[in-house]
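A.B. asks: compute the structure for the input listed below.
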Amino acid sequence: MLAHPSPDLYGSDRTFIESVRALAGRWRVVVTLPEDGPLSAVLRDAGAEIVVLPVPVLRKAYLTPLGLVRLMFAAARALPRARRLLRRERAAALYVSTVTLPFWLLAGRVARVPALCHVHEAEDGMPRPMRALLYLPLRLARAVVVNSGATAAAVGGSGARTIYNGVGGPPAEP
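C.D. replies: Below you'll find the predicted structure:
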């Protein structure tokens, strides 16, 4: 099972597609997205099954007192659904694409499914307490993969393994 925060087609989304392609060649791949979008068709073509499951994605809009309350209510609704999906699909492993999906890491822990988190964000510009809070859910993952040395430094090491993005360049020199 793979969880991704966006149905769009930007940089980290394209890296995610490559991860799906690599896995779909060997295993059944179920991808969960919070909503349907352009990424869904590309992932289907790559060999994945898509399940739309609205799970909160951390956004700056949640960094207000009212936003935090909304986030907690959304998480309370989403966590049981995510756990049920993991169990229904008999997930052997969970790949969480980014730290903005901490509730998937929690769902994996509750469902006893080993999780890997692929971190793409180097949020070193935010205050240290906020950064520590953002990266705290990584402790729920069995493994952490980062995309650069800067990201590894931002997450504080935490035993993270650096694997550079596997997105190919253009077919000819621009």
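
A.B. asks: pull the longest helix from this protein.
C.D. replies: In the chain, taking DSSP state H as the definition, the longest helix is helix 65-88.

A.B. asks: quick check: mean pLDDT of it?
C.D. replies: In this model, helix 65-88 has a mean pLDDT of 93.

A.B. asks: show me the contact partners of it.
C.D. replies: For helix 65-88, the external contacting residues (Cβ atoms under 8 Å, 6 or more residues apart in numbering) are 1, 3, 32, 51, 53-56, 58, 61-62, 94, 103-104, 106-108, 110-111, 113. Where you see a C-beta, it was placed from the backbone N, CA and C, and this is true even at glycine.

A.B. asks: buried ones among these?
C.D. replies: Among these, those buried by neighbour count (16 or more other Cβ atoms under 10 Å) are 1, 3, 32, 53, 55-56, 58, 62, 94, 103-104, 106-108, 111, 113.

A.B. asks: farthest-apart pair in those, please.
C.D. replies: Farthest pair in the buried ones among the contacts of helix 65-88 (Cβ to Cβ) is 62 and 113. Separation: 25.4 Å.

A.B. asks: need the contact list for the residue nearest the centre of the chain.
C.D. replies: Central residue of the chain (Cα atoms, centre = their mean): residue 97, 2.3 Å from the mean position. Going by Cβ under 8 Å, 6+ apart, residue 97 touches 2, 3, 4, 5, 12, 16, 19, 118, 120.

A.B. asks: dig out what it forms beta bridges with.
C.D. replies: Using DSSP bridges, the bridge partners assigned to residue 97 are residue 118.

A.B. asks: for this structure, give me the ranges with low pLDDT.
C.D. replies: For the chain, the stretches flagged by pLDDT under 70 are 157-158, 166-169.

A.B. asks: where exactly do the strands run in it?
C.D. replies: 2-3, 29-33, 48-52, 94-97, 115-119, 143-146, 161-162 (DSSP state E).

A.B. asks: distance to residue 88 for these - can I get that in JSON lines?
C.D. replies: What follows is the strands of the chain, written out as JSON lines (distance: least, Cβ to Cβ, whole Å):
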{"stretch": "strand 2-3", "distance to residue 88": "15"}
{"stretch": "strand 29-33", "distance to residue 88": "10"}
{"stretch": "strand 48-52", "distance to residue 88": "9"}
{"stretch": "strand 94-97", "distance to residue 88": "13"}
{"stretch": "strand 115-119", "distance to residue 88": "17"}
{"stretch": "strand 143-146", "distance to residue 88": "24"}
{"stretch": "strand 161-162", "distance to residue 88": "30"}
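
A.B. asks: closest one to residue 133 among the ones you listed?
C.D. replies: Closest approach to residue 133 among the strands of the chain (Cβ to Cβ): strand 115-119, 14.7 Å.
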